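Engineer: Here is my input, please return the structure:
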Amino acid sequence: MFEVTNAGNAPQDLTWWIVVDVLEGYPSFTFPHHMLEPGARIRVNTNETGPGWGGFSFGFAKAVWNNSAPDVAALYDSNANEVSVRSY
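Structural biologist: Okay, here's the model as predicted:
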């Protein structure tokens, strides 16, 4: 599961933003049209959806995170700029 939080004070358009497992290069998830309100959080699950957290999923049948050491997740905006990187 990958979680995105809007820590700003304005809505953020996540359309075409991408989450990727950096070390393996896959899987990746590209957000469809989605506005994230200030203070709101959403999750991208491995192989399930939950409407309470956005309903997004990598649709990947095996573990995405904690399957290598270290594991690195990155979030890129719609212009391919790195927004956030997290190592697990």
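Engineer: ok, Ala74 to His33 distance?
Structural biologist: Using C-beta to C-beta, to the nearest Å, Ala74 is found at 21 Å from His33. (Glycine included, C-beta is placed from N, CA and C.)
Engineer: Distance of Pro27 relative to His33?
Structural biologist: 20 Å.
Engineer: The two - which one has more neighbours?
Structural biologist: Neighbour tally, Pro27 and His33, criterion other C-beta atoms under 10 Å: the higher count belongs to Pro27, 16 against 8.
Engineer: which residues does the more buried one contact?
Structural biologist: If a contact means C-beta atoms under 8 Å, 6 or more residues apart in numbering, then Pro27 has Val20, Asp21, Phe58, Gly59, Phe60, Val64 as its contacts.
Engineer: Next step: those residues restricted to strands.
Structural biologist: In this view, the contacts of Pro27 that belong to strands under DSSP state E are Val20, Asp21.
Engineer: lowest-confidence helix or strand of the protein?
Structural biologist: strand 56-57 (a mean of 82; mean pLDDT, DSSP states H and E).
Engineer: partners of it, with directions?
Structural biologist: Strand 56-57 sits in its sheet next to strand 41-45 (parallel), going by DSSP bridges.
Engineer: Check which residues of the strand it pairs with are buried.
Structural biologist: If you call a residue buried by 16 or more other C-beta atoms under 10 Å, then strand 41-45 has these buried ones: Ile42, Arg43, Val44, Asn45.
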